[in-house]
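*Asks:* just the structure for this:
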Amino acid sequence: MKKRRGLAMAVKLVKPDRKYLPSVYEAVAEYRATPSKFGIHIVQKMIAATENDFADYFQNIADEEAGIGLKPGYVTHTVYWLVDDNQYVGSFALRHALTPSLGNIGGHIAYEIRPSRRRQGYASKGLRLCLDEAHKRGIEQALVTCNAENIASYGVMHKAMTAYGGFEDSEYKKDELVEKRVWIKTNR
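*Replies:* A predicted model of the protein is given here:
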């Protein structure tokens, strides 16, 4: 398979599907062995789903995308898995709208890459693909946020902002929490 900047050309965002579960279970073992203090909710949900062999997971994410049974404060969102050569690499969530809370922490796009695939360009590639999906949904500028201590994620966000256009918004601060906030245009 032809390589480009270390990534296989088969890197894509897909809707979660059972055919990827063997590599998802491997990734869950990695997430459990090296938990991140910056972990995102959709990955925690995926990890929990392994306890019952994903019996309800696929229906739950479909319902949330359709706006069915959303918890208070939640918005419709689409969950994507980033795969490389049909192997799970990471998870992305594209929120279709923002609440005031998501405007401070969370934004439109959240992502997490499995530990063995970090620092290989997957977050950047996945974010670009997710920005394309946001554009298809009519989101002209997507807010992406991260904890100020998460230097790797901030680098990915800033790089995308520079490539696509956008701006860095003021930091959100509450108690000890400092959140970096970047708006990125979704069309190139």
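*Asks:* which other helices and strands contact the helix or strand hosting residue 44?
*Replies:* Take DSSP states H and E as the rule and residue 44 turns out to sit in helix 41-49. With contacts taken as 3 or more C-beta pairs under 8 Å, 6 or more residues apart in numbering; DSSP states H and E, helix 41-49 sits against helix 21-33, helix 57-66, strand 87-95, strand 109-113. Bear in mind the C-beta positions are built from the backbone N, C-alpha and C, glycine included.
*Asks:* of all the ones you listed, which one is nearest residue 177?
*Replies:* strand 109-113 (15.8 Å; C-beta to C-beta).
*Asks:* touching, residue 150 and residue 110? I think so.
*Replies:* No. In this structure, residue 150 is not within contact of residue 110 by C-beta atoms under 8 Å, at 11.7 Å.
*Asks:* which stretches of this protein form strands?
*Replies:* Along the chain, the stretches classed as strands by DSSP state E are 3-4, 7-8, 11-14, 77-84, 87-95, 109-113, 141-147, 166-174, 177-185.
*Asks:* just want to know which of residue 150 and residue 110 has more residues nearby.
*Replies:* Counted by other C-beta atoms under 10 Å, residue 150 and residue 110 do not tie: residue 110 has more neighbours, with 24 against 17.
*Asks:* residue contacts, the more buried one?
*Replies:* Applying C-beta atoms under 8 Å, 6 or more residues apart in numbering to residue 110 gives the contacts 40-42, 92-93, 95.
*Asks:* low pLDDT regions in the chain?
*Replies:* 1-9, 40 (pLDDT under 70).
*Asks:* what do you get if the cut-off is 80, keeping everything else the same?
*Replies:* Applying pLDDT under 80 to the chain flags residues 1-9, 35-42, 188.
*Asks:* for the residue lying closest to residue 119 once chain neighbours are set aside, list the residues it contacts.
*Replies:* Nearest residue to residue 119 in three dimensions, chain neighbours excluded: residue 152, at 7.0 Å (C-beta to C-beta, 6 or more residues apart in numbering). Neighbouring residues of residue 152 by C-beta under 8 Å, 6+ apart: 118-119, 123.
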